[in-house]
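**Student:** Fold the following.
(one chain, ligands or ions: 2)
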Amino acid sequence: MHALGVASEIFPLIKTGGLADVAGALPGALAEHGIASTTLVPGYPAVMQQLGEAAIVHRFKDLLGVEADILSARVGGLDLFVLDAPTLYDRLGGPYGDAGGQDHPDNWRRFAALAKAGALIAQGAVADYRPDIVHAHDWQAAMTPVYLAASNRPRPKTILTIHNLAFQGNYPSTIFPMLDLPPTNWSIEGVEYYGNVGFLKGGLHACDVVTTVSPTYADEIVTPGGGMGLDGLLSGRGERLVGIVNGIDTSVWNPETDPAIASPYSLHALKNRAHNKRALEGEFGLRREDGPIFAVVSRLTWQKGLDLVAEICDAVVERGIRMVVVGSGEAMIEGAFLAAHARHPDLIGVRIGYDETLAHRVQAGADAILIPSRFEPCGLTQLYGLRYGCIPVVAKVGGLADTVIDANYAATTAEAATGVIFSPPAADALLKAVDRTLRLYEDARTWKKMQASAMKADVSWRTSAKLYADLYRDLLRG
Ligand code: ADP
Ligand code: GLC
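**Tutor:** Residues are numbered from 1 along each chain as shown. Ligands and ions are numbered 1, 2, ... in the order given. Below is the predicted model:
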């Protein structure tokens with residue numbers, strides 16, 4: 001079986017968040033179930049620079065108004081189609097915006113073109129290539145099933161995975177004529193969404209199956225509270241909405257072999273972990289003392305609830321806990337953490353920015369990782385935390401609730417606990433969770449047991465890749 005993935009980011013070539021990790025790791029996991037994948041990604045400068053040898057396998061004279069080539073390449077074990085369209089992608093900045101973080105005004109064209117190219121590849125644009133399944137990720141790829149459903153040629157089955165319903169790709173109706181869709185697509189059954197064009201909305205209608213990245217998030221998004229305007233449409237999909245928890249690439253995230261960390265360690269040589277804590281203290285200029293270090297590695301946004309951490313950090317350090325924060329995002333939250341660092345320079349270490357290897361060193365050296373998200377489709381940082389014995393302290397939402405076992409009485413006595421879960425995502429509940437975590441830390445035996453249970457939890461793709469493979473096979477059977 002062959003699956004064509006369509007995604008706007010893919011690790012290790014280009015990453016702003018968890019979507020890249022998933023797009024980068026799922027193909028390898030599916031291969032173990034006899035499913036070959038090729039992923040179509042935009043030819044951003046970062047991607048083009050890492051391509052090495054690539055062959056042009058198709059040329060578009062006019063793909064939504066621009067010239068574009070499809071390149072075929074194999075990079076870091078991934079089979080890729082790269083949409084080489086300099087007019088759309090050869091720009092400074094990240095995948096979605098300029099160097100100042102402003103979204104590009106023509107993002108609709110950049111990602112409609114990606115989707116259209118995906119649809120054309122799925123229907124034979126590349127010689128000798130015909131996928132059985134098309135798997136599109138998030139709004140940036142969501143128009144792929146729309147283009148496929150709108151064509152009256154045979155098409156493969158389509159899956160659309162929602163990684164984050166907060167990003168929907170909504171644009172003014174004036175772009176509709178430029179999307180190269182039949183006029184009938186301007187309808188409730190098509191891309192029309194409250195008088196605008198909705199990329200994600202259109203894709204959710206057009207695809208054969210919708211998946212999202214945890215069962216709890218699948219339940220949340222069919223409610224008015226969690227559906228972000230799409231709950232009606234999503235609940236209409238009934239059984240065709242499936243929640244499958246993300247795994248992680250356990251070879252990239254492996255404390256026994258991780259080249260980014262000072263001292264490799266394992267469940268059986270947990271003592272070595274202490275060297276990483278010392279190294280982390282050094283890297284952040286923290287005062288050397290006995291207490292724990294609690295960490296944040298995240299986009300600093302409202303979704304992630306990190307304003308709540310900023311709000312309580314004075315109270316946290318008063319309790320003898322030191323903190324490290326790695327992240328970037330909203331100026332208010334960045335500013336609040338920088339101010340906290342200025343107040344407590346040797347107790348709160350802050351790095352504003354994105355640093356992949358530092359994320360590994362934090363997971364290896366900190367004692368706990370705080371994830372007070374207001375909503376979280378899956379979340380990967382708690383999975384990295386589990387794998388590295390960095391105890392996750394998480395809000396009871398979405399995939400966080402599905403992947404962490406709270407250290408309540410039953411779980412602790414059964415030695416099954418892997419973290420701390422709190423609710424609601426608010427400052428006072430977070431501070432209570434911090435206190436509870438501190439008490440667990442101070443009971444060295446219990447803490448060790450928790451670390452062991454966390455590190456033993458299966459956070460690999462093993463279970464979830466099988467669920468995707470079964471889903472692909474069910475779809476093909478009709
Ligand atoms: P989201 O995709 O919503 O940001 P996830 O938890 O799914 O959340 O994935 C976030 C990914 O991005 C993780 O791999 C995490 O380690 C990484 N990450 C987030 N912020 C940073 C940062 N500032 N530096 C390095 N890695 C980061
Ligand atoms: C999104 C979500 C995050 C999820 C990731 C990968 O960015 O915010 O919860 O883990 O996608 O699916």
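
**Student:** Which residue does the stretch 101-250 of the chain have closest to ligand 2?
**Tutor:** Residue of the stretch 101-250 of the chain nearest ligand 2, by CB to the nearest ligand atom: His163 (3.3 Å). Where you see a C-beta, it was placed from the backbone N, CA and C, and this is true even at glycine.

**Student:** From what I see, that residue and Thr16 are in contact.
**Tutor:** No. Between His163 and Thr16 there is no contact under CB atoms under 8 Å: 11.4 Å.

**Student:** okay, the two: which has more neighbours?
**Tutor:** More crowded of His163 and Thr16, by other CB atoms under 10 Å: His163, with 22 against 14.

**Student:** Now do the contacts for the more buried one.
**Tutor:** By CB atoms under 8 Å, 6 or more residues apart in numbering, the contact list for His163 reads 18-19, 22, 137-138, 212-213, 377-378.

**Student:** Among these, which ones lie close to ligand 2?
**Tutor:** Checking the contacts of His163 against ligand 2 by CB under 6 Å from any ligand atom, the ones in range are 18-19, 22, 213, 377-378.

**Student:** need the contact list for the residue in the chain that ligand 2 sits nearest to.
**Tutor:** Of all residues in the chain, Gly18 sits closest to ligand 2, with a separation of 2.8 Å (CB to the nearest ligand atom). Residues counted as contacts of Gly18 (CB under 8 Å, 6+ apart) are 163, 246, 378-380.

**Student:** any idea how far it is from Asp355?
**Tutor:** Separation of Gly18 from Asp355 (CB to CB, to the nearest Å): 16 Å.

**Student:** And for the residue of the stretch 51-200 of the chain at minimum distance from ligand 1, the neighbour number?
**Tutor:** Ranking the residues of the stretch 51-200 of the chain by distance to ligand 1 (CB to the nearest ligand atom) places Asn164 first, at 6.2 Å. Neighbours of Asn164 under the rule other CB under 10 Å: 21.

**Student:** Excluding chain neighbours, give the residue nearest to it in space.
**Tutor:** Closest residue to Asn164 apart from its sequence neighbours, by CB to CB, 6 or more residues apart in numbering: Pro377 at 5.4 Å.

**Student:** surely the one you found meets Thr212?
**Tutor:** Yes. Taking contacts as CB under 8 Å, Pro377 lies within contact range of Thr212: 6.1 Å.

**Student:** can you list residues touching both of the two?
**Tutor:** 162-163, 165.

**Student:** what's the burial count for the nearest residue to Ser423 once chain neighbours are set aside?
**Tutor:** Distances taken as CB to CB, 6+ apart put Lys396 closest to Ser423, at 4.0 Å, once the chain neighbours are dropped. The number of residues packed near Lys396 is 17, by other CB under 10 Å.

**Student:** Glu376 versus Lys396, what's the distance?
**Tutor:** 10 Å.

**Student:** Same check on Val317?
**Tutor:** Taking CB to CB, one finds Val317 at 26 Å from Glu376.

**Student:** Could you list the low-pLDDT ranges of the stretch 151-300 of the chain?
**Tutor:** The stretch 151-300 of the chain contains no residues with pLDDT under 70.

**Student:** what does it put close to ligand 1?
**Tutor:** 297-299.

**Student:** mind listing which of those are in strands?
**Tutor:** Cross-referencing these against strands under DSSP state E gives 297-299.

**Student:** Among the residues you listed, which one lies nearest to His104?
**Tutor:** Arg299 (18.9 Å; CB to CB).

**Student:** residues near that closest one, how many?
**Tutor:** 16.

**Student:** got a list of what Ile221 touches?
**Tutor:** Going by CB under 8 Å, 6+ apart, the list of residues near Ile221 reads 162, 165, 212, 227-228, 230-231, 234, 241.

**Student:** Compile those residues into a markdown table and extend it with columns for distance to Ala359.
**Tutor:** Output for the contacts of Ile221, formatted as a markdown table (distance: CB to CB, whole Å):
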| residue | distance to Ala359 |
| --- | --- |
| Ile162 | 24 |
| Leu165 | 25 |
| Thr212 | 24 |
| Gly227 | 31 |
| Met228 | 28 |
| Leu230 | 31 |
| Asp231 | 33 |
| Leu234 | 32 |
| Leu241 | 31 |
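
**Student:** residues in contact with the nearest residue to Thr184 once chain neighbours are set aside?
**Tutor:** Leaving aside its sequence neighbours, Thr184 sits nearest to Gly190 (CB to CB, 6+ apart; 6.9 Å). Counting by CB under 8 Å, 6+ apart, Gly190 makes contact with 146, 150, 181, 184, 202, 205-206.

**Student:** Of those, which belong to helices?
**Tutor:** In helices, defined here by DSSP state H, the members of the contacts of Gly190 are 146, 150, 202, 205-206.

**Student:** out of those, who's near ligand 2?
**Tutor:** Within the ones in helices among the contacts of Gly190, nothing lies near ligand 2 by CB under 6 Å from any ligand atom.

**Student:** how far away is the residue of the stretch 51-200 of the chain closest to ligand 1 from Ala429?
**Tutor:** For Asn164, the distance to Ala429 - CB to CB - is 23 Å.

**Student:** and what of Glu32?
**Tutor:** 40 Å.

**Student:** and if you look at Gln123?
**Tutor:** 51 Å.

**Student:** From the structure, what's the count of residues near the residue nearest to Glu356 when sequence neighbours are not counted?
**Tutor:** Residue nearest to Glu356 in three dimensions, not counting chain neighbours: Lys15, with 7.5 Å by CB to CB, 6+ apart. Close neighbours of Lys15, defined as other CB under 10 Å, add up to 19.

**Student:** can you map out the strands along the stretch 201-350 of the chain?
**Tutor:** Assignment of strands within the stretch 201-350 of the chain using DSSP state E, counting those that start in this stretch yields the ranges 209-212, 241-243, 293-300, 322-329, 348-352.
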